[in-house]
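Student: when you get a sec, could you give me coordinates for this:
(2 chains)
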Amino acid sequence: VFKRFVEIGRVAFISFGRHAGKLVTIVDVIDQNRALVDGPCTGVRRQAMPFKCMQLTDFVIKFPHSARHKCVRRAWEKENINEKWAATRWAKKIEAREKKAKMTDFDRYKVMKAKKMRNRIIKHEIKKLQKKTTKKAKKTEKKQK
Amino acid sequence: AGEKKAGEKKAGEKKPAQKNTGEKKPGDKKPVEKKASQKKVKEKKPKKYHASRNPVLARGIGRYSRSAMYARKALYKRKYTAPETKIEKKKKEKPRATIVKPVGGDKNGGTRVVKLRKMPRYYPTEDVPRKLLSHGKKPFCKHKRRLRASITPGTVLILLTGRHRGKRVVFLKQLGTGLLLVTGPLAINRVPLRRAHQKFVIATSTKVDISGVKIPKHLTDSYFKKKRLRKPKHQEGEIFDTEKEKYEVTEQRKTDQKAVDSQILARIKKVPQLRGYLRSTFSLSNGVYPHKLVF
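Tutor: Numbers count the residues shown, from 1 in each chain, chains lettered A, B, ... in the order given. Modelled structure (predicted):
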């Protein structure tokens, strides 16, 4: 049922707080609610962080518990987490949302025109296919008669 | 001070003269040059100002009065006037006091000499008391005009009020009263050269490059001001008929519109899709909140 677990090396996405939107790894578990967390390549200092503000990702890095910052950084860079993260759909959706929010009035107009054109092309193809099937249906009807 | 300098020069001249009599002949040329250069240097020296001629008795209190100081500083000798400029020379023409006007009817000379500035026809019995000076209350013509930083020449604005509400329009310049001069251009969205109020406009971040565009100088507020007829000779009835109900476009407006628009249209065509953008109108729909939009 659960596929992503809190474990040493699990990469988590911070959803709110001062470091919202950044990735960190769980270095150690402090108690039921907090973990020692470090984000060497994402600009998050080693600190305690409550689990509530973390959302687990699919990535796990290998390093021993309570490893020092340098080791965590080495492991992170070896796995190339930053690039892997940018390639996930999750990160792409976040980026798309940000872009949409930044759209200016002119951009919105251009998007509207592009969407319109795209939909027109799609509808055109659909209509063509529909016509084909109706033609075929008519032909088979005629033959049956 | 001049006398002192002359005295010094003489003393100075004497010394090198005495010294140089012992020197060889080719040296004689040098003292002459030295004197000349010394003279020049002394003349070019910055003027030394006299110390205060008013000794201090206590802080803020001088020995001599204003009139005594006037005499001590010889201000009666030192009177300066600013040089008269060419404009002032031209302006010395006195304004006309009377004018000659033609008069109708016959056998009365045909003209009269009329004063241009007439004597008052009424003197009040009580003088109006002088109003106390008020501070900082300026007439409208002297108000400070501000312009939002987001509005620069060439910005695309969205008009929010008036008959052109929702239309996207190009900003040209701010006029003297603070209103914004704006144009459609006419060929794109039927908005002519028009004035718009800064407060009833949304400034988008889209800008058209209007750097070289020359806007005719006669496009001022008075050009755009609504004209009202003020001659109701018929006093009863027909008052409403004389006022213009329909606005007619004058030829001058058409030529001005063409002059400005031709320059702007060329620049708009360079940006892809900008023409279609200016043709479209702005509207809100479900889920669109102006405070969340980035313009």
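Student: skip the chain neighbours and tell me the closest residue to B:Val191.
Tutor: Nearest non-adjacent residue to B:Val191, counting by C-beta to C-beta, 6 or more residues apart in numbering or on different chains: B:Gly184, 3.4 Å away. The C-beta positions use only the backbone N, C-alpha and C, and glycine is treated the same way.
Student: now for the one you found, how many residues are close by?
Tutor: Applying other C-beta atoms under 10 Å in any protein chain shown, we find 23 residues neighbouring B:Gly184.
Student: that one touches B:Arg279, doesn't it?
Tutor: No: with contact defined as C-beta atoms under 8 Å, B:Gly184 does not count as touching B:Arg279 (9.3 Å).
Student: what about the strands in the stretch 151-295 of chain B?
Tutor: In the stretch 151-295 of chain B, the strands defined using DSSP state E, counting those that start in this stretch lie at B:155-159, B:168-174, B:180-183, B:194-196, B:201-207.
Student: between the ones you listed, which one is closest to chain A.
Tutor: Comparing these by their distance to chain A (C-beta to the nearest C-beta), the top pick is strand B:201-207, with 4.3 Å.
Student: for the closest one, C-alpha coordinates in CSV please.
Tutor: Once non-C-alpha atoms are left out, strand B:201-207 reads as follows in CSV (Å, rounded to 0.1, in the frame of the first residue of the first chain):
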residue,chain,number,x,y,z
VAL,B,201,-6.2,52.4,-16.8
ILE,B,202,-4.3,49.2,-16.2
ALA,B,203,-0.7,49.3,-17.3
THR,B,204,0.5,46.1,-18.9
SER,B,205,4.1,45.1,-19.0
THR,B,206,4.0,45.0,-22.8
LYS,B,207,5.9,47.8,-24.4
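Student: contacts for that strand, please.
Tutor: Here strand B:201-207 makes contact (C-beta atoms under 8 Å, 6 or more residues apart in numbering or on different chains) with A:104-106, B:148, B:150-152, B:154-160, B:168, B:171, B:180, B:274, B:277, B:282, B:294-295.
Student: just the buried members of the residues you listed?
Tutor: The neighbour count (16 or more other C-beta atoms under 10 Å in any protein chain shown) marks A:105-106, B:151, B:154-160, B:168, B:171, B:180, B:274, B:277, B:282, B:295 as buried among those.
Student: ok, back up a step: give me every residue that touches the residue nearest to B:Val191.
Tutor: Shown in contact with B:Gly184 (C-beta under 8 Å, 6+ apart): B:Lys167, B:Val169, B:Val170, B:Arg190, B:Val191, B:Pro192, B:Asp261, B:Leu278.
Student: does the first one touch B:Ile158 like I think?
Tutor: Yes: with contact defined as C-beta under 8 Å, B:Lys167 reaches B:Ile158; the gap is 7.4 Å.
Student: and stretch B:154-165, end to end?
Tutor: One end of stretch B:154-165 to the other measures 19 Å (C-alpha to C-alpha, to the nearest Å).
Student: how about the spatially most central residue of chain B, nearest residue that isn't a chain neighbour?
Tutor: Nearest to the geometric centre of chain B sits B:Gly176, at 10.6 Å (C-alpha atoms, centre = their mean). Nearest non-adjacent residue to B:Gly176, counting by C-beta to C-beta, 6+ apart: B:Asp221, 5.5 Å away.
Student: so how many other residues sit close to the one you found?
Tutor: 13.
Student: I'd like to know how far the residue nearest to the spatial centre of chain A sits from chain B.
Tutor: For chain A, A:Trp90 is the residue whose C-alpha lies nearest the centre (C-alpha atoms, centre = their mean; 0.8 Å). Separation of A:Trp90 from chain B (C-beta to the nearest C-beta, to the nearest Å): 23 Å.
Student: if I read this right, that residue contacts A:Gln55, doesn't it?
Tutor: No: using C-beta under 8 Å as the test, A:Trp90 is too far from A:Gln55 to be in contact (9.1 Å).
Student: common neighbours of these two, please.
Tutor: A:Phe13.
Student: what does chain B have sitting close to chain A?
Tutor: Contact residues (C-beta under 8 Å from any C-beta of the partner chain) of chain B with chain A: B:156, B:158, B:168, B:204-206, B:273-274, B:276-277, B:280, B:282, B:292-295.
Student: domain map for chain A?
Tutor: A:10-102, A:103-144 (the TED database).
Student: can you pull the contacts of A:Leu23?
Tutor: Applying C-beta under 8 Å, 6+ apart, the residues near A:Leu23 are A:Val11, A:Ala12, A:Phe13, A:Ile14, A:Gly39, A:Thr42, A:Thr57, A:Ile81, A:Asn82, A:Trp85.
Student: can you lay out those residues as a markdown table showing distance to chain B, secondary structure and pLDDT?
Tutor: Formatted as a markdown table, the contacts of A:Leu23 follow (distance: C-beta to the nearest C-beta, whole Å; DSSP: H, G, I helix; E, B strand; the rest coil; pLDDT from 0 to 100):
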| residue | distance to chain B | secondary structure | pLDDT |
| --- | --- | --- | --- |
| A:Val11 | 32 | strand | 96 |
| A:Ala12 | 29 | strand | 96 |
| A:Phe13 | 24 | strand | 97 |
| A:Ile14 | 24 | strand | 96 |
| A:Gly39 | 29 | strand | 95 |
| A:Thr42 | 26 | coil | 94 |
| A:Thr57 | 29 | strand | 96 |
| A:Ile81 | 31 | helix | 95 |
| A:Asn82 | 28 | helix | 95 |
| A:Trp85 | 26 | helix | 96 |
